[in-house]
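**Q** based on what follows, work out the 3D shape:
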Amino acid sequence: YGLLFSVAMDDELTFKELWQYAKGYINNKGLMDWKINRWGNVIGKGSAADADQDIAYALLLAHQKWPQENYLADAKRMLQAIKKYEINETGLLLPGDSWRGMPPINPSYIALGYYENFEAASGDPIWAKVLKKNRWFLSQIADRDTGLIPDWVAQDQKIIKGQNDFGYAAVRCPLRLYSFYSHTGDPLAEILLKKQAKFIKSI
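**A** Below is the predicted model:
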């Protein structure tokens, strides 16, 4: 988030310092370990796909503002690693680089608004597949009445017992959906956002 905020605020110094920090925790798969304590120790090994995508997107934005740096090359390396370790064969976004078998999916990690930018930057058509698959996945798991999306869902779209709350993770879903809708006018995103807004207003 710091990378996204600093590039949005044209704060190149903060961006550089945060990116330098992040690079210090890139693992052997080319992605950042997900949890670092205040003393700089890794206490959560393996990556988290939401952060990896945010990093890659922030690097693309930084390249637009400060093209003299190596941010585009850095972004492309991140995208290659995300593709290799965090996208399954169907195009569905996995939670991170260390999950095996059929891991549950965190829908709040799905960043539909990023994938066209990832394709444009990398020239890789995989991102069109990722966009299509994950857009479809969200359409299947959203509550038919409220449009709300749960924290965690099985890959067969079944709600995981005890994980069906619109909780601290899923609260990001409307934000990511609106980001996607704001520059595409996507009709599915519009339907879900209107349902969510109506429900939230009602309570």
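
**Q** quick check: which element contains Ala62?
**A** Remark: Ala62 resides in helix 49-65, with elements defined by DSSP states H and E.

**Q** what mean pLDDT does the helix or strand just after that helix get?
**A** For helix 49-65, the following helix or strand on the C-terminal side (DSSP H and E) is helix 71-86. Mean pLDDT, computed over helix 71-86, is 98.

**Q** list the buried residues in helix 71-86.
**A** Using 16 or more other CB atoms under 10 Å as the test for burial, helix 71-86 gives 71, 74-79, 81-82, 85-86. Every C-beta, even on glycine, is put in place using the N, C-alpha and C of the backbone.

**Q** measure how it sits relative to helix 49-65, angle-wise.
**A** 160 degrees (axes from the mean of the first three to the mean of the last three CA atoms, to 10 degrees).

**Q** let me see the contact set for the residue nearest the centre of the chain.
**A** Closest to where the C-alpha atoms of the chain average out (CA atoms, centre = their mean) is Asp50, at 3.5 Å. Asp50 sits next to 106, 108-109, 111, 172 when contact means CB atoms under 8 Å, 6 or more residues apart in numbering.

**Q** looking at these, which two lie furthest apart in space?
**A** Greatest spatial distance in the contacts of Asp50: Asn106 and Ala111, 11.6 Å, computed using CB to CB.

**Q** isn't Leu61 up against Ser6?
**A** No. Leu61 is beyond contact range of Ser6, at 9.9 Å (criterion: CB atoms under 8 Å).

**Q** higher neighbour count, the two?
**A** Neighbour comparison, Leu61 and Ser6: the larger count goes to Ser6, with 21 against 18 (by other CB atoms under 10 Å).

**Q** how about the contacts made by the more buried one?
**A** Taking CB under 8 Å, 6+ apart, one finds 12, 14-15, 18 in contact with Ser6.

**Q** buried ones among the residues you listed?
**A** Buried residues within those, counting neighbours by 16+ other CB under 10 Å: 15, 18.
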